[in-house]
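1. only geometry, no sequence info:
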């Protein structure tokens, strides 16, 4: 999980370094086009096996939502400090929890509702509306968190029907296709450094998702989730040391509040799943 968080900080740092020289949609397209190259083996397997019946619509909807989320994230990343992007991004699991309740009928117990409320308070601490200006970059990152949550909910539907590599691979293809016309419309000349940097973004993002998957496979979520707070610490240090961004104690405090609430939500979900699969005292024995 430490390696995963570091990989995602590398992603944000490179995109921040590229700045606004490239349109957000062009940078996003190249990142996912490189992702298609990296995940080509999974796509070849999917080509041979085919898409399970009835999932084409879900796959298409996920591709559309994720495409919007990626453009919003790239736009925000180039315009607001690294720490703020990271802290606001922690709201993603909260949006997932709310979306599962609204669209999948999952119940929200009082304690989970309180945790969601605490996370939203953390977001207010980070943004401080009324005390400072909320820029388009902040609004863009908030919208990105909501859209990424929608993509995750679609992914949950697909994960039980398709291999993980195929799910990620086909997403890269769809997002690349969705971004292509907009990227061509706003295309600007690029240097080899910019193209290579976006290839490195794709490698780091793929590594981050792989490390996260491995962490979830060998340790409970209640153990791995709090470690993600270090991503905010690393992003803050990188922003201060490399990009000259000030260390904002409100962002660190708000991020800590959000990740604390998210850790509680994930711990409760893990407890509920464990109870669901653990037989009672009167269960039959084999």
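-> Looks like it arrived, so ask away. What you see is a predicted model; the values in this text were computed from it and never measured.

2. ok, which stretches of the protein are helices?
-> For the chain, applying DSSP state H gives helices covering 2-18, 24-38, 40-49, 56-77, 82-89, 92-104, 110-127, 136-159, 164-185, 192-218, 221-224, 229-241, 249-277.

3. so for the longest one, mean pLDDT?
-> Mean per-residue pLDDT for helix 249-277: 77.

4. quick one: buried residues of it?
-> Neighbour-count burial for helix 249-277, counted by 16 or more other CB atoms under 10 Å, picks out 250-252, 254-269. For glycine as for every other residue, the C-beta is placed from the backbone atoms N, C-alpha and C.

5. between that helix and helix 82-89, what angle do the directions make?
-> Angle, helix 249-277 to helix 82-89, by axes from the mean of the first three to the mean of the last three CA atoms, to 10 degrees: 30 degrees.

6. what's the separation between residue 149 and residue 62?
-> Separation of residue 149 from residue 62 (CB to CB, to the nearest Å): 12 Å.

7. which of these two has more residues huddled nearby?
-> Comparing residue 149 with residue 62 by other CB atoms under 10 Å, the one with more neighbours is residue 62, at 24 against 21.

8. so what's that one closest to, chain neighbours aside?
-> Nearest residue to residue 62, sequence neighbours excluded (CB to CB, 6 or more residues apart in numbering): residue 154, at 3.5 Å.

9. do residue 197 as well
-> Closest residue to residue 197 apart from its sequence neighbours, by CB to CB, 6+ apart: residue 14 at 5.2 Å.

10. from what I see, the one you found and residue 202 are in contact.
-> No. Judged on CB atoms under 8 Å, residue 14 makes no contact with residue 202 at a distance of 10.1 Å.

11. report the contact partners of residue 209.
-> Neighbouring residues of residue 209 by CB atoms under 8 Å, 6 or more residues apart in numbering: 4, 168.

12. er, residue 3 I mean
-> Applying CB under 8 Å, 6+ apart to residue 3 gives the contacts 207, 208, 211.

13. who's in contact with residue 7?
-> Counting by CB under 8 Å, 6+ apart, the residues that residue 7 touches are 204, 205, 207, 208, 211.

14. of those residues, just the buried ones, ChimeraX syntax please.
-> To isolate the buried members of those in ChimeraX, using 16+ other CB under 10 Å:
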select :204,205,207,208,211
